[in-house]
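Student: Starting from these lines, generate the structure:
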Amino acid sequence: MTVTPPLSYIHRFVPGRDTKSPPLLLLHGTGGDENDLIGLGELVAPGRALLSPRGNVLENGMPRFFRRLGEGVFDEEDLRRRAAELAGFIAEARKAYGLDAPIALGFSNGANIAAALLLLHPQALAGAALLRPMTPLRSAPPAALDGKPVLMLSGAADPIVPAANAGKLADLLKERGAAVRHETLPAGHGLTQADVAQTKSWLAGL
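Tutor: Residues are numbered from 1 along each chain as shown. Below you'll find the predicted structure:
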């Protein structure tokens, strides 16, 4: 059953049978929507509640969570504004559905907005699985992440995300106190079965 009362983002909510584990906040990549990662969420966290918003920015008709100026070049003013909006949506959804703080599961653009949430609004998330993320901000405030669990999965042959950029994000999150596990998989920018297996194992261990 999917329930979607009117909140600030178009979204899907799938109630969970597992009431002891945090829900997943599913954040799609460019061109995706609120349906894109439902199947992935069910694979990596069976039984958990799933909250899946649609990015409210359009790039050539494709939904995203914030604007960019070019490939890998982010509009940081817009990113900060959209991160605040998404944090507000999470608070709305938690009240509407009676949820604990979620763990974000984001891919590409969704991973980048999740990383921005950790850095700008750390109280919004209980942790995050970031699949093919980039460093979202040139400078970020000194957020206190206080041991929040973060999984980062990069692709060794990713043509979009330089290894040094992903490494910088991992270091940034560690400096702010997150418990970061960063793995580089034999993959490109797209997701593989290894991403599914690693994410499922990481979530089960929390």
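
Student: Going by C-alpha atoms from here, please, whenever you check contacts or count neighbours.
Tutor: Fine.

Student: Does the nearest residue to residue 135 once chain neighbours are set aside belong to a helix, a strand or coil?
Tutor: With C-alpha to C-alpha, 6 or more residues apart in numbering as the measure, residue 169 is the residue that lies nearest to residue 135, at 4.9 Å, once sequence neighbours are left out. Look at residue 169: counting by DSSP: H, G, I helix; E, B strand; the rest coil, its state is helix.

Student: Can you read off the pLDDT for residue 169?
Tutor: On pLDDT, residue 169 comes in at 97.

Student: my guess is it contacts residue 132, does it?
Tutor: No - counting by C-alpha atoms under 8 Å, residue 169 does not reach residue 132; the two are 11.1 Å apart.

Student: which of those two has more neighbours?
Tutor: Set residue 169 next to residue 132 and count neighbours by other C-alpha atoms under 10 Å: residue 132 wins out with 27 against 20.

Student: Please spell out the segments of this structure that come in under the pLDDT threshold.
Tutor: For the chain, the stretches with pLDDT under 70 are 1-5.

Student: show me where it has helices.
Tutor: Taking DSSP state H, the helices of the chain run over residues 38-44, 76-97, 109-120, 163-175, 193-204.

Student: ranking those helices by burial, who's on top?
Tutor: Mean neighbour count (mean count of other C-alpha atoms under 10 Å) peaks for helix 109-120 among the helices of the chain, with a mean of 27.

Student: Could you list the residues in contact with that helix?
Tutor: Contacting residues not belonging to helix 109-120 are listed as 26-30, 64-66, 79-80, 83-84, 87, 104-106, 124-125, 127-137, 140-143, 145, 173 [C-alpha atoms under 8 Å, 6 or more residues apart in numbering].

Student: Send me that helix as CSV with only the CA atoms.
Tutor: Extracted in CSV, the C-alpha atoms of helix 109-120 (Å, rounded to 0.1, in the frame of the first residue of the first chain):
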residue,chain,number,x,y,z
ASN,A,109,22.3,13.5,-7.8
GLY,A,110,20.3,12.0,-4.9
ALA,A,111,23.6,11.0,-3.2
ASN,A,112,24.9,14.6,-3.6
ILE,A,113,21.8,16.2,-2.0
ALA,A,114,22.0,13.6,0.8
ALA,A,115,25.7,14.6,1.4
ALA,A,116,24.6,18.2,1.5
LEU,A,117,21.9,17.4,4.1
LEU,A,118,24.6,15.7,6.3
LEU,A,119,26.8,18.8,6.1
LEU,A,120,24.1,21.5,6.3
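
Student: Run the chain-centre distance for stretch 7-19.
Tutor: Its chain's average C-alpha position is 15 Å from that of stretch 7-19, according to C-alpha atoms, centre = their mean, to the nearest Å.

Student: swap in stretch 137-154?
Tutor: The answer for stretch 137-154 is 12 Å, by C-alpha atoms, centre = their mean.

Student: What separation do you get for the closest residue to residue 204 other than its chain neighbours and residue 92?
Tutor: What sits nearest to residue 204 in space, not counting adjacent residues and going by C-alpha to C-alpha, 6+ apart, is residue 45, at 7.7 Å. Computed as C-alpha to C-alpha, to the nearest Å, the residue 45 to residue 92 distance reads 23 Å.

Student: No more questions from me, cheers.
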